[in-house]
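K.L.:
show me the folded form of this:
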Amino acid sequence: MIQVTMSSGVREVFGKGAMRQMRMKGKTPAVLYSGGSEPIALEFDASQLFKNLLFIHGRNAVVTLEIEGDSKGTRQVLVQEIQKDPISDKLVHVDFLEIELDKTLDFVVPVEFSGVARGVDLGGELMVFKDVVHLRGCPLDIPDSIVTDISNLDRGEGGITFGDLKLPENVEMLDDAKLTCVEVQ
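P.N.:
Numbers count the residues shown, from 1 in each chain. The predicted structure is shown next:
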């Protein structure tokens with residue numbers, strides 16, 4: 001899992017008008033939720049936040065938030081929700097969820113297929129049924145993606161199942177191991 005560091009400050013202003021003025025000054029509001037305690041209102045530099053979110057887009061990432069004006073200073077978080085303006089595509093608001101790195105969580109990880117299946121070279125068609133796998137583990141143990149080689153797949157062989165995927169230690173698969181990910185027909 002990739003790790004990114006972002007810096008922010010505690011937000012002191014609230015309301016529609018104040019948020020509009022904040023965005024005109026190049027800031028983006030955000031909220032940090034942590035299980036059971038009060039949410040923390042944050043503000044980010046809009047251009048730097050956009051670059052960081054673009055880098056981690058579509059990937060599982062642990063974000064280290066350096067919060068200026070907070071008693072803890074830094075917190076480990078996941079991006080929970082990104083709100084964008086539908087017309088201008090600018091960031092409007094971001095929600096973060098605080099996590100503990102030693103507690104297990106559930107993640108959706110993409111499955112990548114490498115190589116060209118032998119059955120495709122012989123006129124078969126590659127059928128991808130599942131391209132993501134559900135995993136449970138500590139956030140830093142979760143891989144960015146699971147890569148599996150399909151070059152030995154032949155027509156009518158039955159394909160590759162979730163049970164055939166190689167997982168790192170300390171990571172548990174939540175999907176049925178008998179489900180087929182990919183096969184050649």
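
K.L.:
show me the shaky parts of this structure.
P.N.:
Applying pLDDT under 70 to the chain flags no residue at all.

K.L.:
quick one, strands of it?
P.N.:
Along the chain, the stretches classed as strands by DSSP state E are 2-10, 27-33, 40-45, 61-68, 74-84, 91-98, 105-114, 126-128, 132-137, 146-149, 160-161, 172-173, 180-184.

K.L.:
buried residues in stretch 64-84, which are they?
P.N.:
By neighbour count on 16 or more other C-beta atoms under 10 Å, the buried set for stretch 64-84 is 65, 67, 70, 75, 77-79. The way it works is simple: take the backbone N, C-alpha and C, and place the C-beta from them, glycine included.

K.L.:
closest one of those residues to Val133?
P.N.:
Taking C-beta to C-beta as the measure, Val133 lies nearest Leu78 of the buried residues of stretch 64-84, at 18.2 Å.

K.L.:
you'd agree that closest one is up against Asp95?
P.N.:
No: using C-beta atoms under 8 Å, Leu78 is not in contact with Asp95; the gap is 9.8 Å.

K.L.:
now Ser8: how far from Gly156?
P.N.:
Distance, Ser8 to Gly156, using C-beta to C-beta, to the nearest Å: 55 Å.

K.L.:
neighbour count winner among these two?
P.N.:
For Ser8 versus Gly156, neighbours defined as other C-beta atoms under 10 Å are more numerous around Ser8 (24 against 10).

K.L.:
can you check the distance spanned by stretch 164-178, start to finish?
P.N.:
Stretch 164-178 has an end-to-end distance of 9 Å (C-alpha to C-alpha, to the nearest Å).

K.L.:
check which residues of it are buried.
P.N.:
Buried residues in stretch 164-178, defined by neighbour count with 16+ other C-beta under 10 Å: 165, 167, 171, 173, 175.

K.L.:
what's near enough to touch the third one?
P.N.:
Spelled out, it's Val171. By C-beta atoms under 8 Å, 6 or more residues apart in numbering, the residues touching Val171 are 135-137, 141-143.

K.L.:
please apply the same query to the first one.
P.N.:
Listed by C-beta under 8 Å, 6+ apart, the contact partners of Leu165 are 111, 133, 146, 148, 173, 181.

K.L.:
which of those residues lies closest to Tyr33?
P.N.:
So of those, ranked by how close each gets to Tyr33 (C-beta to C-beta), first place is Val133, at 26.5 Å.

K.L.:
burial count for the closest one?
P.N.:
21.

K.L.:
do you know how far the residue with the largest distance to the centre of the chain is from Tyr33?
P.N.:
In the chain, the residue that sits farthest from the middle, by C-alpha atoms, centre = their mean, is Leu122; the gap is 37.0 Å. Leu122 sits 53 Å away from Tyr33, going by C-beta to C-beta.
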